[in-house]
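# Predicted model, plus sequence, below.
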Amino acid sequence: MPAFPLLFSPLHIRDTQLPNRIVISPMCQYSANDGLANEWHFAHLAKFAMGRAGLVFIEASAVTAQGRITHGDLGIWSDAHADALRPAIEFIQGQGSKVALQLGHAGRKASMQRPWFGNGPVGADDASRGDVAWPIFGATAEPLDDGWLEPQAMTAGDIAHLTEAFVAAARRADTAGVDVLEVHGAHGYLIQTFLSPLSNTRNDGYGGDLKGRMRLALEVTEAVRAAWPEGKPLFFRVSSVDGIENGWEIEDSIALAGELKALGVDVIDCSSGGNSPKGATNSSVGRGLGFQVPFASSIREKAGIMTQAVGLIIDGAQAEDILQSGDADLIAIGREALADPFWPLHQAQAMGLDDEFAMWPEQYGWWLERRSHGLKKILAAE
């Protein structure tokens with residue numbers, strides 16, 4: 001391990017300097033009302049900045065009301081939605097972290113149940129709680145599975161309106177003070193269903209071969225990049241593989257990453273799976289520690305673009321090894337951060353960087369440093 005780990009070294013992307021390489025992944029909370037952030041979202045996000053993550057992602061925020069996954073999803077389809085996010089954005093930045101926002105549209109996975117009610121298609125029980133199904137759109141009219149809502153296949157006009165919605169959302173995010181933007185092109189949501197041959201059987205210019213299937217993703221990204229300030233980074237989240245036979249493969253992701261780089265995307269956020277009814281990231285990809293790191297490594301090497309690794313990265317030593325090996329440029333954690341919002345600070349201490357709690361918020365570090373010295377004296381006397 002070097003004298004100062006890469007994990008805690010700054011990373012400069014365009015005009016933005018991240019204080020370290022630790023990213024909090026966007027994690028849907030299914031707790032918004034009409035797409036508006038509330039006290040829960042503030043508390044959820046604020047603690048990650050207090051934990052000193054370099055970049056904190058706001059969850060997938062729908063660019064249209066119809067593009068929400070559930071009734072509880074955040075939205076960014078009006079100025080009111082952007083305004084509702086401002087308190088969290090300002091607090092996170094006040095703690096020294098940067099803020100990212102993920103722009104999304106759920107496509108044929110829209111109008112689902114909140115996960116704790118079943119994570120399936122909206123039904124009568126959901127309607128009785130006020131979660132009534134709404135009309136949805138997709139690459140084709142094929143539903144996600146039997147019993148799921150049948151989407152309306154998007155026309156060229158629908159696609160044009162969608163692109164405009166992404167652009168408007170990007171501008172709102174900028175006005176709200178967001179530092180980094182990400183286009184969500186993964187997990188079986190709208191853009192990914194256009195990419196994958198499993199879900200895109202269109203016979204027009206947005207289907208067919210790889211070039212046609214990539215067209216929507218590239219058009220949306222190009223429009224967002226043009227609307228997003230030149231000095232601010234743009235990420236793209238990809239399902240690196242479908243993990244389903246005859247689906248999207250790593251070679252396709254490498255090709256897509258090359259095209260996205262040419263359009264001004266700075267980082268590919270490398271996830272996988274999701275093009276099935278069994279969860280946002282479900283696939284046959286074997287799960288083990290760092291199971292998606294090889295995807296980030298391949299895309300980084302072969303497309304020549306920065307990547308973000310995510311998926312069962314559980315401690316600082318593992319994260320540092322990924323960075324030192326050149327497999328990725330950023331390390332994203334999700335459920336590890338839910339279990340321990342102070343994960344970055346605890347890993348810094350485990351790596352010998354902060355025995356005196358100097359990296360902690362002073363309101364906490366002052367107390368914890370004294371507690372630590374007191375405990376050492378007590379234990380030494382026993």
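Nice, I can see it. Residues are numbered from 1 along each chain as shown.

# okay, how far is it across stretch 195-208, tip to tip?
10 Å (CA to CA, to the nearest Å).

# One more: stretch 339-358?
By CA to CA, the extent of stretch 339-358 from end to end equals 22 Å.

# likewise stretch 9-28?
28 Å.

# Who are the contact partners of residue 159?
In this structure, residue 159 makes contact with 206, 216, 219, judged by CB atoms under 8 Å, 6 or more residues apart in numbering. C-betas here are computed from N, CA, C, even on glycine.

# Please apply the same query to residue 182.
26, 57, 100-103, 234-237, 269.

# End to end on stretch 347-362, go ahead and measure it.
Start and end residues of stretch 347-362 are separated by 18 Å (CA to CA).

# neighbouring contacts of it?
So stretch 347-362 is in contact with 1, 4-5, 7-8, 50, 52, 95, 315-317, 319-320, 342, 345, 364-366, 368-369, 372, going by CB under 8 Å, 6+ apart.

# show me where pLDDT drops low in the stretch 201-350 of the chain?
278-284 (pLDDT under 70).

# And the stretch 1-150 of the chain, by the same measure?
1-2.

# Strands of that one, start to end?
Ranges of strands within the stretch 1-150 of the chain are 11-13, 16-18, 22-24, 55-62, 74-75, 98-104, 137-138, based on DSSP state E, counting those that start in this stretch.

# Name the nearest of the contacts of residue 159 relative to residue 376.
Using CB to CB, residue 216 is the member of the contacts of residue 159 that lies nearest residue 376, at 58.8 Å.

# which element is residue 261 on?
Take DSSP states H and E as the rule and residue 261 turns out to sit in helix 250-262.

# Please name every helix or strand in contact with that helix.
With contacts taken as 3 or more CB pairs under 8 Å, 6 or more residues apart in numbering; DSSP states H and E, helix 250-262 sits against helix 210-227, strand 234-239, strand 267-271, helix 293-303.

# mind redoing it with 10 Å?
Using 3 or more CB pairs under 10 Å, 6 or more residues apart in numbering; DSSP states H and E, the elements in contact with helix 250-262 are strand 180-185, helix 190-195, helix 210-227, strand 234-239, strand 267-271, helix 293-303.

# neighbouring strands for the first one, and are they parallel or not?
Think strand 180-185. Looking at strand 180-185 with DSSP bridges, its partner strands are strand 98-104 (parallel), strand 234-239 (parallel).

# could I get those strands as a markdown table with mean neighbour count and distance to residue 170?
Compiled in a markdown table, the strands paired with strand 180-185 are given as follows (neighbours: other CB atoms under 10 Å; distance: least, CB to CB, whole Å):
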| stretch | mean neighbour count | distance to residue 170 |
| --- | --- | --- |
| strand 98-104 | 26 | 7 |
| strand 234-239 | 27 | 9 |
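
# So which of these is nearest residue 178?
Checking the strands paired with strand 180-185 against residue 178 by CB to CB gives strand 98-104 as the closest, at 4.6 Å.

# then the closest one to PDB, C-alphas only?
The C-alpha trace of strand 98-104 is given here as PDB (Å, rounded to 0.1, in the frame of the first residue of the first chain):
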ATOM      1  CA  LYS A  98     -19.700  16.800  -4.300                       C
ATOM      2  CA  VAL A  99     -23.200  16.000  -5.400                       C
ATOM      3  CA  ALA A 100     -24.300  13.800  -8.300                       C
ATOM      4  CA  LEU A 101     -27.800  13.200  -9.700                       C
ATOM      5  CA  GLN A 102     -28.900  10.300 -11.800                       C
ATOM      6  CA  LEU A 103     -31.400  11.000 -14.600                       C
ATOM      7  CA  GLY A 104     -33.700   8.100 -15.400                       C
END
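
# so it versus strand 267-271, what angle?
With axes from the mean of the first three to the mean of the last three CA atoms, to 10 degrees defining the directions, strand 98-104 sits at 60 degrees from strand 267-271.

# Could you check the angle strand 98-104 makes with strand 55-62?
Going by the same axes, to 10 degrees, strand 98-104 makes 20 degrees with strand 55-62.

# so which of the strands of the stretch 1-150 of the chain is the most packed in?
strand 22-24 (a mean of 29; mean count of other CB atoms under 10 Å).

# List the buried residues in stretch 39-58.
Residues 41-42, 44-58 are the ones in stretch 39-58 that count as buried (16 or more other CB atoms under 10 Å).

# State the number of residues packed around residue 364.
13 (other CB atoms under 10 Å).

# do the same with residue 125
11.

# Show the contacting residues for it.
Neighbouring residues of residue 125 by CB atoms under 10 Å, 6 or more residues apart in numbering: 113, 117-118, 131.

# go on, residue 173?
Taking CB under 10 Å, 6+ apart as the test, what residue 173 contacts is 58, 61, 76, 81-82, 85, 89, 99-103, 179-181, 224, 227-228, 232.

# and the closest residue to residue 288 other than its chain neighbours, which of the three is it?
Leaving aside its sequence neighbours, residue 288 sits nearest to residue 312 (CB to CB, 6 or more residues apart in numbering; 6.8 Å). Using DSSP: H, G, I helix; E, B strand; the rest coil, the structure places residue 312 in coil.
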